Each structure stands twice: as structure tokens, then as C-alpha cells.
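In: model this:
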Amino acid sequence: GACTNLGCRRWNCAARAREMAGRAPTAAERAELEKRLEEILADGTSVTLASPQEYGEAEEAEIAAFLRDEPIFKVADCGARMCHAFGHGAADEISATAVRVLRGMRGDVPACKRYLQYLAIKRALKGHDLLIASFERGACASLWASAGFLFRAPTHRHITGGKRPLIVFSPVVLEPAHVLRAPKQQLYACLHYQLEQYLRAECAAGEPGHVLVFDLKEFGWRHLHRRFLTQVVKLIGVLLKNYPETVYKLAVVNAPSIFSIAWAAILPFANEHVQSKITISRGSNTDALRELVGAEVLPADLGGDAPVAGAEPGASAAPADADPYENAWTDVTIDAGKTAQHVVEIGDDEAGAGEGDASGQGSDQSIAIEFAIESSDVSFFVVHEPLGADKKKAAAEQSYALEPQSHNASAGTVSHLIEGARPGRYTCVWDNTQAWRYPRTVSYRVFAVKGAVPMSIASADPAADDDSPTAPLPEWEGLTDAEMAAMATG
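Out: Sure, this is the predicted structure:
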């Protein structure tokens, strides 16, 4: 068992870890940790990159020995503090941490050793283990007031007591502008505070891993705002990068057809191990969720028996406006041998081309298209032509904005997003000319969307959380070195 003498100097003593959790690293310790972090990140390789390997007790013992023997873990007792966070409650916190992280790195021992150093150093430099105490004492009250709305009901629900802890996140009740107004550093502080709470819940449950549910009921086009979705993906990236194996299963439920656009942007940032934990359903996936967490704790709105908890007293989530395009559906019957068309015009002022780019590349204006076919199939394409040209010139300059493609009714609702729309006239064409006898009925809606997310989602690494050891500010505003030291004596 762990030594109960708080004066004990063994770095791997749990009691010593609790003692050390009350202070920030000294200037000398910080310099040494920053130097090692710079070495770890020097080759530019992601710290979570791993090659799946077979592993067992021997590899787990090797990682545990590394945690005990590697000198960097003794600096500011960063190793003991990390193990106390990830393995708290276990008979051997070091072995529990070794098993957890090795599983997250899929048995790749060298990658696991590198990743453990990264985790321990980052946690010490950022003061992760100071967060809960500082929030509970009110030292970070201003941060929670400005950015905590993202982690309060009804947007966020953290439910324990079932087979596994459950997180339900419903981003659809948020307005993108409200999230984007929250200071980034304060948003990350609240995120890490919540993630530390998750670790505590897992320790109480006796094993790592939450069931994370993204409920996308009423997800609308307004949520495909580029900066909003990029921010959400970055927050998810922080979770995946800094809290290994916190996600046991990730269920996306009530996903509408347009979610495929957002998903195409998010998917590249999840490795195969994470992807294997993800399920996406257009319904509530009730049976699977009841089996994972237990019907008695699963909220009724997800098909469980537990009542739906309301918002905290005084909590203020961002106002949820109804989808302004919800009633914009049009039904059209296309006779055999005929086509149906819908025209959208984008003016020069609407396209808002990027600086020095008269072509409209980098435009903040996109065209969203959704349609469903009642039966059989039709071909669909979109043609672009410039504005202001005479018919002859316009015909010569026509080009496909979307190439012709056949769509079958069995595919359900089809969604397309024409990103960065150039100025011009866009003609959407549903083509039934291949039919000799039967008409086709199509329900559709087409509209311009400002700030819609591109499929490439701005090419930024969403998991980046300011890894530069020479960054002028800590990850969150208000927790500088001096302020962290003040927390320890506050």
C-alpha cells in the first residue's frame, strides 16, 4: 500500500502525489520540463501516433517500470501526479496508469513511453491537477461564468451510477456565435475542469471509459458554421489527446443527413482505434445505450427510464433558434423525359471573396442542397454561369458546380454543400429524361449558407492545444505561474 507519511520523498508515493498536487512547478522545474517537451515534439510527429501491436502483462510491466525509473517523472513529481489522476483508487496507481495508456496506444511500447512523458509534462505545466480545487474554491469563477455554459444542462449532462459513466452532449441548443464569443483560453479551462471531473468519476467506477453521446436532434445548417465546427472539433481533439481511454464508446444519435458533411470533416482526426468506438445512428440507438449504461440511468429522451434533468438554477445556455429553413421544402413532380430546375444567384457582395481573390475562392458563402426522391431514381447536377453576361457568352462559360450523378430513393435524404460559392447563377437540375413513362416526385430545399464549414475544415490540427513550450500564455487565461502559485496558498 501507499505510504501515509506526507514527508516521504519517494516520487511514486500516492500520499506524496496528493501533497504535490497543491503547488505549481518552480521556475527551475518548469524550465527542465519545457526543455524535455521541446525535445519530445522536435520531430513533429503526433504524440498519439502508434502502430498496433500485440501486448500483454510483460509490456504492461515494462511501462510500469518506465514510470517508476524515468528521471523526468521525478521533476515536480509530474509522474506521480499523472498516475494519481489516471489511476486514483487503484491498489497500484502506477500499474493502472500503465495499463490504461498502453491500451490507448494499442500496445506500441516506444510510442507509449513518449506519450506518457508528454502527458506528465503537459499536466504539470498546465496545472491540470490544480483545476478542480481552484474551481471549487471560486478562484476560477469568472472563467466558468464566461465559458461554462458549454458544460451545463441542457447542453451537457454527466450521469454516473450506471454500468458506465455517461456524458450526453447536445450542441444543437447552442448558437455558433455564442460559442465563438467565449474566450478560447477560458473555454479550454472549463473543458479541462470538466475532463478532470470525468477522471474522478471513472476512478469511482473502478475502470476507465465513459459512454459519450452526441445527440444531434434538430441539428441544422446553422451549425455548419466553419469556425464553430472547427472549435468543436478542437475541443474533441483536446479530449482525445490529453485523456487516453476516457471514451469507451462514442454514439452519435439522431444524426440528420446533413451531418455527413460535418462528419467528413471530423473523421480524419480520429485514428482507427477511436473510430472503432464510434457508432452513428439516425435514431436514438436506444437498445445499445440501455445495454451500455443501464436503462435506470439513461435519460428518457434517449429511450431510458430516468427523468430528463433540467438546467442548473441560473444556468444560461445559448438561445436555440428554430432552423430558419425548416419549412422551406418544395415538392415537385417531374414528368418522364423532363427536368426540374431551381436557380440560386450569388452576387459579388454576397460571395465575399477572400483578399486578393476575385474568383471567389475563400468565400464565406456556400449553397446548401437537400432533397429526397419519393421512388425510383433521378440524376442531379448543378451548373454555374457568371452573372451579367449575355446568353451566348453565359452558355460558353457554363461549368459544373456538381457533376451529374444518379440518386436512388433508397438512399434517403441527399445533402450537398457547394463551398465558397463564386459570384454567379447556380442552376440545380433534377433530370428525369431517362424515364419513358413514369414521373418522379422530389422534395427539396436549396439556400445560401453564410460561414458553412468546408469539407477540409480549414486544414488546422484540431487536437493542437498550443504545444509550443515557449508560448507566451498558458492554455487558459487567468492561470499564469504566479496565479497558480497563489492558488496553492489560497
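In: Helices along the stretch 101-250 of the chain, start to end?
Out: When secondary structure is read from DSSP state H, counting those that start in this stretch, the stretch 101-250 of the chain shows helices at 109-126, 128-136, 141-147, 176-181, 184-205, 226-242.
In: For the shortest one, give the mean pLDDT please.
Out: Translated: helix 176-181. Averaged across helix 176-181, the pLDDT comes to 78.
In: how far does it sit from the chain's center?
Out: Counting by CA atoms, centre = their mean, to the nearest Å, helix 176-181 is centred 15 Å from the centre of its parent chain.
In: Packing partners of that helix?
Out: helix 226-242 (3 or more CB pairs under 8 Å, 6 or more residues apart in numbering; DSSP states H and E). Every C-beta, even on glycine, is put in place using the N, C-alpha and C of the backbone.
In: tell me the angle the helix it packs on makes with helix 128-136.
Out: Note on geometry: by axes from the mean of the first three to the mean of the last three CA atoms, to 10 degrees, helix 226-242 and helix 128-136 are set 120 degrees apart in direction.
In: The chain should start at 10 in everything you say after this.
Out: Understood, numbering begins at 10; the last thing we discussed is helix 235-251.
In: Could I get the average pLDDT for helix 235-251?
Out: Mean predicted lDDT for helix 235-251 stands at 81.
In: and that helix, how far from the chain's centre?
Out: For helix 235-251, the gap between its own C-alpha mean and the chain's C-alpha mean amounts to 4 Å (CA atoms, centre = their mean).
In: Please put the alpha-carbon coordinates of that helix into CSV.
Out: The C-alpha trace of helix 235-251 is given here as CSV (Å, rounded to 0.1, in the frame of the first residue of the first chain):
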residue,chain,number,x,y,z
ARG,A,235,-16.8,26.9,-40.3
ARG,A,236,-15.3,28.5,-37.1
PHE,A,237,-17.9,26.9,-34.8
LEU,A,238,-17.4,23.4,-36.1
THR,A,239,-13.6,23.9,-36.0
GLN,A,240,-13.8,24.9,-32.4
VAL,A,241,-16.0,21.9,-31.5
VAL,A,242,-13.5,19.6,-33.3
LYS,A,243,-10.6,21.2,-31.4
LEU,A,244,-12.4,20.6,-28.1
ILE,A,245,-12.9,16.9,-29.0
GLY,A,246,-9.2,16.8,-30.0
VAL,A,247,-8.2,18.0,-26.6
LEU,A,248,-10.1,15.2,-25.0
LEU,A,249,-8.7,12.5,-27.3
LYS,A,250,-5.1,13.8,-27.0
ASN,A,251,-4.9,14.5,-23.3
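In: Point out the other elements, helices or strands, that that helix touches.
Out: Counting contacts by 3+ CB pairs under 8 Å, 6+ apart, the secondary-structure elements packed against helix 235-251 are helix 118-135, helix 185-190, helix 193-214, helix 268-275.
In: Just put those in a markdown table and tack on mean neighbour count.
Out: Conversion of the helices and strands packed on helix 235-251 to a markdown table gives the following (neighbours: other CB atoms under 10 Å):
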| stretch | mean neighbour count |
| --- | --- |
| helix 118-135 | 22 |
| helix 185-190 | 16 |
| helix 193-214 | 20 |
| helix 268-275 | 18 |
